[in-house]
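In: Below is the structure, and that's it, no one-letter string:
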C-alpha cells in the first residue's frame with residue numbers, strides 16, 4: 001500500500017487508506033473556517049457547512065464545533081475534540097447525571113449529550129440538504145469529537161434510518177454510553193463503526209467503567225505503530241508497557257502524547273508506506 005494523494009470519494013466500507021483520510025478530516029476540525037474550506041476544496045469537496053455553538057458556565061466545555069463538506073459522491077462531517085487534560089477532568093467526575101441516549105435508547109455522559117444536542121440539528125439539516133446525489137455519508141472525530149461522531153451517526157440512524165451513515169471512524173474516543181446504547185450501535189452499525197486507539201492514549205479509558213462502555217469494533221495501534229484489529233489479551237499489558245514512559249495522567253505522560261491526533265495520522269500513514 002501507499003499513501004494516496006487525496007480522499008477517494010468512491011470509498012466504501014473499511015480500509016486503512018480511508019481511515020487515514022478520516023483521521024486527516026478529524027484533525028482539520030481543529031482549524032478555523034478558512035483553513036477548513038481551503039483544504040476541503042483541495043480534497044475535491046465544493047460545499048462546506050460550519051456548525052458552532054457556545055456554552056455558558058458551569059458547563060465544562062466552551063463550545064462545540066464541527067463541519068460538513070460535500071462533493072457529488074461523498075459527504076463527511078467531522079467534529080472537533082478538546083484538550084486531553086480538560087476532557088479528563090470532567091469525564092472523571094462520576095457525580096454528573098446521565099443524559100438520555102439517541103431515540104431515548106440507554107444513556108450517555110451528560111457532557112456528550114448536551115454538546116451533541118447543541119449542534120445536531122444543524123448537522124442533520126446539512127447532511128439532508130447536501131445529500132442530493134445519494135452520496136455516501138461519513139462521520140469522524142478525535143477525542144470528544146469521536147464521541148460526538150459516534151452519537152451523531154447513531155442518532156441520525158435511529159431518528160432517520162434513510163440517512164444512516166456509511167461509516168463512522170473515531171480516534172481516541174472516550175467511553176461514550178451505557179451497554180444498552182452500545183448494543184444498539186453495534187447492531188445498527190455492524191461493519192460501519194471503527195474506533196482507533198493509539199497504544200497508551202488515556203482518553204479511551206474515561207469515563208470509568210462499569211457505568212460507561214465502548215462499542216465493539218476496535219482498531220488498536222500498538223507500541224510499534226502497527227494497526228491491529230484487536231488488542232490481544234496475552235501480551236497487551238507488555239505492549240502498553242513498551243510505550244509507557246510516565247504516569248498516564250501526567251501532563252507530559254505517554255497517555256497524553258498518544259492522544260494527539262497528529263500521532264494517529266502519523267501511525268496510519270506509516271501503515272500505508
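Out: Sure, I can see it. Computed from a prediction, not measured in an experiment: that's the story for all the values here. Residues are numbered from 1 along each chain as shown.
In: lowest average confidence, helix or strand, in the chain?
Out: Of all helical and strand segments in the chain, the minimum by mean pLDDT, DSSP states H and E falls on helix 236-243, at a mean of 48.
In: Tell me the first helix or strand C-terminal of it.
Out: Downstream of helix 236-243, the next assigned helix or strand under DSSP states H and E is helix 254-257.
In: Which strands or helices does that next one pack on?
Out: Counting contacts by 3 or more Cβ pairs under 8 Å, 6 or more residues apart in numbering; DSSP states H and E, helix 254-257 packs against helix 84-91. All C-beta spots, glycine's among them, are computed from the backbone N, C-alpha and C.
In: next one: the longest helix along the chain to chain centre, how far?
Out: Counting by DSSP state H, the longest helix found in the chain is helix 110-130. Relative to the centre of its chain, helix 110-130 is centred 14 Å away, using Cα atoms, centre = their mean, to the nearest Å.
In: Also stretch 199-219?
Out: With Cα atoms, centre = their mean, you get 12 Å for stretch 199-219.
In: and that stretch, average pLDDT?
Out: Averaging pLDDT along stretch 199-219 yields 88.
In: Name the residues of that stretch that are buried.
Out: By 16 or more other Cβ atoms under 10 Å, the buried positions in stretch 199-219 come out as 199-207, 212-215, 217, 219.
In: ok, these vs residue 35, which is closest?
Out: Of all those, residue 203 has the smallest distance to residue 35: 24.2 Å, by Cβ to Cβ.
In: returning to that earlier point: list the ones among the buried residues of stretch 199-219 that fall in strands.
Out: With DSSP state E as the criterion, strands contain residue 219 from among the buried residues of stretch 199-219.
In: quick one, strands of this protein?
Out: Secondary structure of the chain by DSSP E: the strands cover 47-54, 63-70, 74-79, 98-100, 107-109, 136-142, 167-171, 193-198, 218-221, 227-228.
In: what does the fifth one rub up against?
Out: Outside strand 107-109, the residues that touch it by Cβ atoms under 8 Å, 6 or more residues apart in numbering are 91, 96, 98-101, 113, 116, 147, 151, 174, 176-178, 180-181, 207, 212.
In: So, low pLDDT: which residues of the stretch 151-273 of the chain?
Out: The stretch 151-273 of the chain contains residues with pLDDT under 70 at 231-254.
In: same thing but 90
Out: Low-confidence segments of the stretch 151-273 of the chain, defined by pLDDT under 90: 157-164, 187-191, 202-203, 205-211, 216-217, 223-224, 229-257, 273.
In: Please work out how many residues are found near residue 33.
Out: 12 (other Cβ atoms under 10 Å).
In: I'd like to know how far it sits from residue 111.
Out: Here residue 33 is placed at a distance of 24 Å from residue 111 (Cβ to Cβ, to the nearest Å).
In: Same check on residue 74?
Out: From residue 74 to residue 111 the distance is 30 Å (Cβ to Cβ).
In: do you know how far the closest residue to residue 216 other than its chain neighbours is from residue 106?
Out: Counting by Cβ to Cβ, 6 or more residues apart in numbering, residue 216 lies nearest to residue 186, which is 4.9 Å off, once chain neighbours are set aside. To residue 106, residue 186 is 12 Å away according to Cβ to Cβ.
In: Have a look at the two and say which one is more surrounded.
Out: More neighbours surround residue 106 than the other of residue 186 and residue 106, with 20 against 14 (other Cβ under 10 Å).
In: still on that earlier bit, format the strands of the chain as CSV; extra columns: distance to residue 26.
Out: What follows is the strands of the chain, written out as CSV (distance: least, Cβ to Cβ, whole Å):
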stretch, distance to residue 26
strand 47-54, 15
strand 63-70, 10
strand 74-79, 5
strand 98-100, 23
strand 107-109, 20
strand 136-142, 4
strand 167-171, 6
strand 193-198, 10
strand 218-221, 14
strand 227-228, 16
